[in-house]
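> Provided below are the primary sequence and the corresponding predicted coordinates.
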Amino acid sequence: MKHVIDLNDLERAEWDGLLSKTNEIIASPLDFKNACSGRVLASLFYEPSTRTSFSFQAAMLRLGGGVFGFSDPNATSAAKGETLKDTMVMVSGYADVIVMRHPKEGAARAASLYSSCPVINAGDGGHLHPTQTLTDLATITRLRGKIDGAVVGLCGDLKNGRTVHSLVRALSRYKDINLILISPRELAVPPYLRQMLNESSMKFIEVTNLEATLPQLDCLYMTRIQKERFIDPLEYERLKGVYVLTPQKLKIAKSDLLIMHPLPRVDEIHAGVDEDERAKYFVQAETGMYARMALIMYLIGEKGKDFVRERSYNDSRMCKYSNCITAIEGYLPAKSTEGRCAYCDHEI
Ligand code: NCD
């Protein structure tokens, strides 16, 4: 079974294949208009989305396939109390590929246990967002030529931003990356990710000041403060607006800086920056649709690919993290490895 829960489940060569397929599609999109004809994508969004759900739908339609699904779980049987397991068993009988977003961390991996077709994780709580990362890697590769050797600044809510978590993990598989993690102390990367960084050979520093780091960056990845993940609304009020990128601040940045953002933005990038030719976030969003076309084709359009290797789990202690999918779907089997939950990655 081929699932994409975490981009790091795949080999680097597979990423490279997806990135070059993305370039091929961008060069000649109509060549792929029948690549998935007669195939069906199910889009299960248990949490709001505009870009990701639209880009997956547009991707499948451009490949000649069909789409069904929901973007409001309250209008489905989930609201009647149906388990994720039952939904997956049923929907995977109807679809050739399932794209899923869920507010709980580890939900996509849990869902994949019960699906008879590939599951693509379109965001599981504050955990991971692998297709945004594929989008980000495709954008950097296209605009900069390569990812190796880049000085990358990630700025904003690094604690709750799943796009950041996925991207950090992916960058650790490239050469000579210099990572600058820019956040208020309260919104620094989660401990499990810092531990992964310490175990990797990637150079990284954690700082609080955006302006001081700007001149050295090749790529600045701005992110939104993730309001919906705050338990205390007063803390959100205190931290929102902490970083605002303006045309004035950008005067000291490199002339070929890539300014990226997974979108939606709130106020962290001033609208005036949109006129700067270094602003690449809208190109990035468009690239995401083509990257998703490449991924869908790889999973269902071409037969006989052995995509994902299932991890081995040597430990069966249950996760205690309240935002983990295991906290609400009680039948899930306990799975962990090296002291970390196999669903959400938090320490057991
Ligand atoms: C991101 C997400 O949903 O995590 N959006 C997206 O998919 N492009 C970023 C965000 O919501 O801040």
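Received it, and whenever you're ready, just let me know what you need. Since we're looking at a predicted model, the values are computed, not measured.

> any buried residues in stretch 203-214, and which?
By neighbour count on 16 or more other Cβ atoms under 10 Å, the buried set for stretch 203-214 is 204, 210, 213, 214. Heads up, the C-betas are built off the backbone N, CA and C, glycines and all.

> who touches that stretch?
For stretch 203-214, contacts defined as Cβ atoms under 8 Å, 6 or more residues apart in numbering pick out 153, 155, 177-185, 188-189, 197, 220, 243, 245, 249-250, 252-253.

> show me the residues you listed that map onto helices.
residue 197 (DSSP state H).

> counting neighbours, which of the contacts of stretch 203-214 end up buried?
Members of those classed as buried by 16+ other Cβ under 10 Å are 153, 155, 177-184, 188-189, 197, 220, 243, 245, 250, 253.

> what about the spatially closest residue to residue 324 that is not a sequence neighbour, which SS state?
Using Cβ to Cβ, 6 or more residues apart in numbering and skipping residues adjacent in sequence, the residue nearest residue 324 is residue 344, 4.2 Å away. The three-state assignment at residue 344 reads coil, by DSSP: H, G, I helix; E, B strand; the rest coil.

> phi and psi next, for residue 344.
phi -110, psi -10 (degrees, to the nearest 10).

> in TSV, list the buried residues of stretch 203-214 along with pLDDT, distance to the ligand and secondary structure.
Shown next, in TSV, are the buried residues of stretch 203-214 (pLDDT from 0 to 100; distance: Cβ to the nearest ligand atom, whole Å; DSSP: H, G, I helix; E, B strand; the rest coil):
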residue	pLDDT	distance to the ligand	secondary structure
204	97	21	strand
210	97	17	helix
213	97	21	helix
214	98	21	helix
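
> and of those, the nearest to residue 226?
Distance to residue 226 across the buried residues of stretch 203-214 (Cβ to Cβ) is lowest for residue 210, with 17.7 Å.

> so how far is residue 168 from the closest one?
Here the criterion is Cβ to Cβ, to the nearest Å. By it, residue 210 lies 17 Å from residue 168.

> cool, and residue 114?
Residue 114 is 29 Å from residue 168, by Cβ to Cβ.

> could you pull out the helices in the stretch 101-250 of the chain for me?
Along the stretch 101-250 of the chain, the stretches classed as helices by DSSP state H, counting those that start in this stretch are 107-112, 130-144, 162-171, 191-199, 210-213, 233-239.

> got the phi and psi for the residue nearest to residue 150 when sequence neighbours are not counted?
Among residues not flanking residue 150 along the chain, residue 218 sits closest, at 4.6 Å (Cβ to Cβ, 6+ apart). For residue 218, the backbone dihedrals (degrees, to the nearest 10) come out as phi -90, psi -30.

> so what's residue 218 up against?
144, 150, 151, 152, 254, 256, 257, 258.

> now do residue 119
Counted by Cβ under 8 Å, 6+ apart, residue 119 has contacts 3, 4, 5, 88, 97, 98, 99, 100, 108, 111, 112.

> tell me the one of these nearest the ligand?
The ligand lies nearest to residue 99 out of those, by Cβ to the nearest ligand atom, at 11.7 Å.

> name the SS class of the closest one, please.
Put simply, residue 99 is strand when judged by three-state DSSP.

> just give the number of residues close to it.
32 (other Cβ atoms under 10 Å).

> specify the beta-bridge partners of it.
Counting by DSSP bridges, residue 99 is bridged to residue 43, residue 120.

> ok, now which ones touch the most centrally placed residue in the chain?
Centroid-nearest residue in the chain, with Cα atoms, centre = their mean: residue 129, separated by 1.9 Å. Residue 129 makes contact with 52, 121, 122, 123, 162, 163, 165, 166, 262 under the criterion Cβ under 8 Å, 6+ apart.

> now the buried residues of stretch 203-214 in TSV, with distance to residue 172?
Shown next, in TSV, are these (distance: Cβ to Cβ, whole Å):
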residue	distance to residue 172
204	9
210	22
213	19
214	23
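
> so which of those residues comes closest to residue 59?
Nearest to residue 59 among the buried residues of stretch 203-214, with distances taken as Cβ to Cβ, is residue 204, at 32.4 Å.

> get me the contact residues on the protein for the ligand.
For the chain, the residues in contact with the ligand (Cβ under 6 Å from any ligand atom) are 51, 52, 123, 129, 132, 162, 163, 223, 224, 262, 263.
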